[in-house]
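Peer 1: Give me a model of this one.
(2 chains)
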Number of protein chains: 2
Amino acid sequence: MTKGKLARIDLSNGKITKERVDGNLYSKFLGGKGYAAYLLFKELPWQVDPLSPQNKLIFMTGPLTGTRAPTGNRFCVCTKSPLTGAWLDTHCGGFWGPELRFAGYEGLIIEGKARNPVYVYIEDNEIRVLDADWLWGADSFSTERLLKHKHRGRREPKTAEIGPAGERKQLISCIVSEGRAAGRGGAGAVMGSKKLKAIAVKGTRFRPQDLVQNLDAFNKAVRRCYKKIGDEKKTSPRLRGSLPIYGTANIIDLVNEAGGWPTRNFQAGSFEKSSSINGPAFADSLWVPRNSPGTKPCYNCPILCAHVAIVNDGIWVGTVDEGPEYETIWAFGPQCGIDDREAIARADYLCDYYGLDTISLGNTIGFLMECYERGLITQDDTDGLELRFGNAPAMIKVVEMAGSGSGKIGSLAAEGVKRAAQTVGKGSETFAIHVKGLEVPAYDPRSAQGMGLCYAISDRGACHLHAWTAGEELLGWNGRDPRLTEDKAEWVKDMVEGGNAVWDSSGLCKFSGFALSDKDVRRLIVAATGLNYETVEDLKKVGERINNLTRAFNLREGLSSSADTLPRRLLEEPMPTGPCQGDVARLTELLPDYYRLCGWNQNGMPTAAKLHELGLDFVLTKLRAKKKKRRKRAKRKRVGK
Amino acid sequence: MTKGKLARIDLSNGKITKERVDGNLYSKFLGGKGYAAYLLFKELPWQVDPLSPQNKLIFMTGPLTGTRAPTGNRFCVCTKSPLTGAWLDTHCGGFWGPELRFAGYEGLIIEGKARNPVYVYIEDNEIRVLDADWLWGADSFSTERLLKHKHRGRREPKTAEIGPAGERKQLISCIVSEGRAAGRGGAGAVMGSKKLKAIAVKGTRFRPQDLVQNLDAFNKAVRRCYKKIGDEKKTSPRLRGSLPIYGTANIIDLVNEAGGWPTRNFQAGSFEKSSSINGPAFADSLWVPRNSPGTKPCYNCPILCAHVAIVNDGIWVGTVDEGPEYETIWAFGPQCGIDDREAIARADYLCDYYGLDTISLGNTIGFLMECYERGLITQDDTDGLELRFGNAPAMIKVVEMAGSGSGKIGSLAAEGVKRAAQTVGKGSETFAIHVKGLEVPAYDPRSAQGMGLCYAISDRGACHLHAWTAGEELLGWNGRDPRLTEDKAEWVKDMVEGGNAVWDSSGLCKFSGFALSDKDVRRLIVAATGLNYETVEDLKKVGERINNLTRAFNLREGLSSSADTLPRRLLEEPMPTGPCQGDVARLTELLPDYYRLCGWNQNGMPTAAKLHELGLDFVLTKLRAKKKKRRKRAKRKRVGK
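Peer 2: The predicted model follows:
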């Protein structure tokens, strides 16, 4: 099945245990998000404080991570999010995940809390918890540099680390790895709360071919994938054309024209200066050319969407960073009314330097700009900054302050938009654009009804990846009408569940889906694991199981169906311009359908029948036990009164 | 003699030639500065524009670089300085020099100018000039990171590079290598003028033992050195005690108490807040502890003076950098009236990021602060900054602006203090503290007469390393009276000449001199090279030869004895406080003696007899030819009139 182990590292007492992967669980949940969801549901005390030692932080790879499957390089970090209080899975490409598997591990379960800062160093069988007191405070780039130097040798270690923002447990802090990030939901804060600065891994036990069960079948499946990726007819034009050249920014013009590019904190759906910051604009000015030695694609990636920006002029000269990606360009661009490419690249760099999520921070700064323009906050609150839309130097200043946790405005921004709105008050909550506390990313659901449902029902909060309907709704692929709601609940459900198993638990990058079908991925997974998924439906069942499990996780953590909503602005303020002018996000037309299709009751609770069908009876038992407990407590209270 | 070659790389046409090291020249000049001095004197057109393609940039190692000799890790960069118009040798430790020798090269002679940005990649026999258009603009840390990634493999390449300041040919820009710098005199600008971004080297042809001729004798000499370094009686307490713990900052208190720590642009000789920024203060707060994995000592160094600072709190949190060293602490500390450790570490980091010399920039900012306080410049000139002594955020802002070349004040600061004074005018030249255009470092010669002579006569301008009399004059070692001038000319001459051969041309770090004698170094050099230096005097003769050659170089470049001077303030304004209160630098008592002892005439010109004695007749021929030419030209002019 799989040779790799799970390593359980208790930072409170330094105890390290290696556990075998449970074949039955692996078959039911796969690796990645799925297996982690099972572990967290089973092991995490209910309603635990996400920043307490009782929370756990699981780094998990999938069965295709590190193999020769195209884009098999992802790992995910799962935990209870301090930003949302809900389930969190956040994913990252690069090199760290493969290295972990080469060392012999499917995943790491980090528990407890170290007394003093530590980092974990893994070299094959050897796992050590080492002092990182000396390293505390270091930016993420330097952390990587110092650890790579310290553990240099024939093979370079790969690192995943937090920056100063994570150390301070700032709620939108991320985990950085090799110039990329597991960005969303504050996983960096959880890592910081455990005083875990970094995890460096060097793996030589397994080669890519050692990670698969049926090598012949696997190689055959891989060859078929590569053939497809190279085949013009079978590959989306995104993959062969604009994605490698313009990276994730390749879709900017289309999204903007479709009126789905949120502008100035979602006050509009298109940005008048988008041509300054679209893919061609970055490619012509800041990005290292595709065929130059500067690009640094992820492990085993034939897509090559990765770009490196270098600012070679102006006040931010010197800045070098992977990206900026589509979402980051949006967050520090239109969301803040800014069309300054260099400033956007600088903000991206600073976020990596300090370890902050670009989407969350950019979204929050846009919100604060609106607050400032509306007079809800003044220069007293902004440390003297003229925090208006379009003011790039002020935006950069706020990013710096959020990174260093300095000033009123920096402290405000670093905790995300929900807390910022709570602090500002004065009705600002209506235009604080988040779901469950997670900041909404770069597709306006008023111009893409499917995205609205995706945001509302994603287990981790407003996520654009759980069901990326934007491709068909905004980019014209297959041309689904963005304004319609019909059939979209089913479509979203299908994508969420498929995605859970096919991508988020397998170790593949979602972008391979531009060429590969679910069938291809099933073939890869079956050959790699030896598990018996006979059809794509079998695999989707795994995805459905995972989705019900994270749903149950959120329910037990106290999130009810009322959390499956969208910010007031998106529900009530009609899109002022563009093709979807006049529209709001019509969530009420979608949500009941979605619940019903999921086999959930009208309160969004998985029914006993559904849970039983999915083999999740243990969930039912737990949830019922909880219900009983609650009732008892309520009764006691009533009696007390 | 030596197996390594010299590689001549003409960037104008991409031609690469490998030349054998001339045994006769090697014997006369050794490697490092000495051999480079010969090459530059012979090959450089007279009075060439330092930033033109005609200037050459020589990276040179010494015979002990890369060997097992303790501290055998230095390389130097020699060229005609764009900052001074004079000779420049600037030195750097770390790992790059050894790697170059492992690859089979004693040195690189960089000529011409590339049409587009390039970098040089060396892997053993293979030398390639590669496109660096994509890399242009990158900060030095990222440049290293990207090149290390690009050329990764079994062995990590070592890099030397410029930052954006060097690219812009800013006159005080340096060459950064593995967290260290060949800092002084604007070598980075010369590299930038050639559009050479970096040199990355991977060397596996030679092992350390392959670099020496008589291995048995060498190993014996090395063992003797290590014995001495470990021997309490024979080693300076600096070496065993405070230097490894407090780094170069170990001497701050002593220099400050001796009234030799220039404060607020040399308006005083001691800083009232020095206890906030001395060795113990840095060790207790910012520096990674000595015995932690964070320190990164140079190749083969038993001294371990290197420190890494991490700012783990406050607005500059995240900052990580090698250092700050004694000179840098001074430059951004007392020289600017600042006692903020974090700000000093940040300025140090920024200088490395942009590739700027810390001494020159700090000195210049202190000067500009005095100009501002005296009303010679206003907020119109400082981009609105309140540029007063002690204003740390303003200081940091100027460093950022100098690094990015932005704003009036940034552009002013990045060209060094001589140009700044020329721009400011209004009599500011009297307190622009430089010699020959090179900014004076952190010993006030009014409190150490020997240092005054050292500054005045050093071939590259105000250098504290050519004859470091400060140890005995200010730190109380052997206790030479800092106020006396007697015998100091001879002492300085001895140190300059000895240093040229023993340290600056051998590849050893000067700090090994705290334990090793000239005799030890002679033994190492003889065993390593097989050359026949029978006594220390033979070696000193090499040093004298080099010193006369660089002197001749400066003379032919138009520097006369009038350049052997000190800034007006140091000659005329008495030290206001401290043990040397009332003193000025009494250069006139020293300079004639120095000339005489050198065998130079009263105008500081080497006599024919001296040049002949040193085997430098070719110099004489060249200088005479030049004199004739000049006379002819003068005659023509007179006739023309």
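
Peer 1: Which residue, neighbours along the chain excluded, lies closest to A:Asn116?
Peer 2: For A:Asn116, the nearest residue in space outside its immediate sequence neighbours is A:Asp133; the separation is 5.2 Å by Cβ to Cβ, 6 or more residues apart in numbering or on different chains. Every residue, glycine included, has its C-beta placed from N, CA and C.

Peer 1: in the stretch 301-450 of chain A, which spans are strands?
Peer 2: For the stretch 301-450 of chain A, applying DSSP state E, counting those that start in this stretch gives strands covering A:308-310, A:320-322, A:434-435, A:438-439.

Peer 1: State the mean pLDDT of the last one.
Peer 2: I take that to be strand A:438-439. Taken as a whole, strand A:438-439 has an average pLDDT of 98.

Peer 1: And for stretch A:549-562?
Peer 2: 96.

Peer 1: And the contacts of it?
Peer 2: Outside stretch A:549-562, the residues that touch it by Cβ atoms under 8 Å, 6 or more residues apart in numbering or on different chains are A:29, A:33, A:37-38, A:40-41, A:46-47, A:80, A:85-87, A:89, A:436, A:459, A:563, A:591, A:595, A:598, A:600, A:602-606, A:611, A:616, A:619, A:622-623, A:626.

Peer 1: which stretches of the stretch 501-641 of chain A form helices?
Peer 2: For the stretch 501-641 of chain A, the helices defined by DSSP state H, counting those that start in this stretch cover A:518-529, A:536-556, A:568-572, A:591-598, A:608-613, A:617-640.

Peer 1: any chance of those in TSV, plus mean neighbour count?
Peer 2: As requested, the helices of the stretch 501-641 of chain A are exported to TSV (neighbours: other Cβ atoms under 10 Å in any protein chain shown):
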stretch	mean neighbour count
helix A:518-529	24
helix A:536-556	22
helix A:568-572	18
helix A:591-598	18
helix A:608-613	16
helix A:617-640	12
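
Peer 1: ok, which residues in the stretch 1-150 of chain A are in contact with chain B?
Peer 2: Within the stretch 1-150 of chain A, the positions near chain B by Cβ under 8 Å from any Cβ of the partner chain are A:130-131, A:133-139, A:141-143, A:145-146, A:149-150.

Peer 1: Looking at those, which is nearest chain B?
Peer 2: Among the residues of the stretch 1-150 of chain A next to chain B, A:Gly137 lies closest to chain B (Cβ to the nearest Cβ), at 2.3 Å.

Peer 1: Quick check, A:Pro262 in contact with A:Asp444.
Peer 2: Yes - counting by Cβ atoms under 8 Å, A:Asp444 is a contact partner of A:Pro262 at 4.5 Å.

Peer 1: Can you work out which residues contact both of the two?
Peer 2: A:Gly269.

Peer 1: so how far is A:Gln335 from the residue nearest the centre of chain A?
Peer 2: By Cα atoms, centre = their mean, chain A has its centre lying nearest to A:Thr90, at 3.7 Å. To A:Gln335, A:Thr90 is 20 Å away according to Cβ to Cβ, to the nearest Å.

Peer 1: got any ranges where the stretch 351-500 of chain A has weak pLDDT?
Peer 2: Across the stretch 351-500 of chain A, nothing is flagged by pLDDT under 70.

Peer 1: what bits of the stretch 151-300 of chain A have low per-residue confidence?
Peer 2: For the stretch 151-300 of chain A, the stretches flagged by pLDDT under 70 are A:232-241.

Peer 1: Okay then, goodbye and thanks.
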